[in-house]
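Participant: Build me a structure from this.
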Amino acid sequence: MPRGPLRDLGREAHYSLGVLALGLAVLRLAWRAVRPLPGPLPGTPRWQHGAARLMHGALLLTALAVPAAGLLDRWARGRPVSVFGGLPLPPPFPIPGGRLWGEAHEALAWSLAALLAVHLLAVAWHVLVLHDGTFRRMLGQSCRLG
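Facilitator: As a prediction, this is how the structure comes out:
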């Protein structure tokens, strides 16, 4: 995108959404600390339960790491970060690493996309093939699906 106000607006929107995503991921982590994942449904193979727990952990950690690496990238390269209409986010301390954080941000973002794709395939498998109620449980006990 060429330099100018539209590019600046897009950049600030990207930073703002990233900070929002980081905040939501921290809240999700706190929620998991207070309310752990439920045990497996009756009849669920042990490997499936282990894979689900591993996937949830990977999704949560990656959702935390992507925006954190983005912030660290900007700060390590001495570039400003402003969010939500100009609110500045200064670095809390000097950040070493330079462009390495930008490479990490990009790799982690692609990893998160891959994890989400695998997770969606697993959801489709449970809904369309197994019909085991896993999706209903993901949506909450009060959810009623045909």
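
Participant: residues contacting the most centrally placed residue in the chain?
Facilitator: Nearest to the mean C-alpha position of the chain, counting by Cα atoms, centre = their mean, stands residue 63 at 2.2 Å. Going by Cβ atoms under 8 Å, 6 or more residues apart in numbering, residue 63 touches 21, 25, 28, 112. Where C-beta positions appear, they are placed from N, C-alpha and C, glycine not excepted.

Participant: State the distance from residue 21 to residue 112.
Facilitator: Counting by Cβ to Cβ, to the nearest Å, the gap from residue 21 to residue 112 is 10 Å.

Participant: and for these two, which residues touch both?
Facilitator: 63, 66.

Participant: count of neighbours near the residue lying closest to residue 81 once chain neighbours are set aside?
Facilitator: Using Cβ to Cβ, 6 or more residues apart in numbering and skipping residues adjacent in sequence, the residue nearest residue 81 is residue 89, 4.3 Å away. Neighbours of residue 89 under the rule other Cβ atoms under 10 Å: 15.

Participant: Return the distance of residue 89 relative to residue 112.
Facilitator: 21 Å.

Participant: what does residue 16 give?
Facilitator: To residue 112, residue 16 is 18 Å away according to Cβ to Cβ.

Participant: Before I go, just wanted to say thanks for your time.
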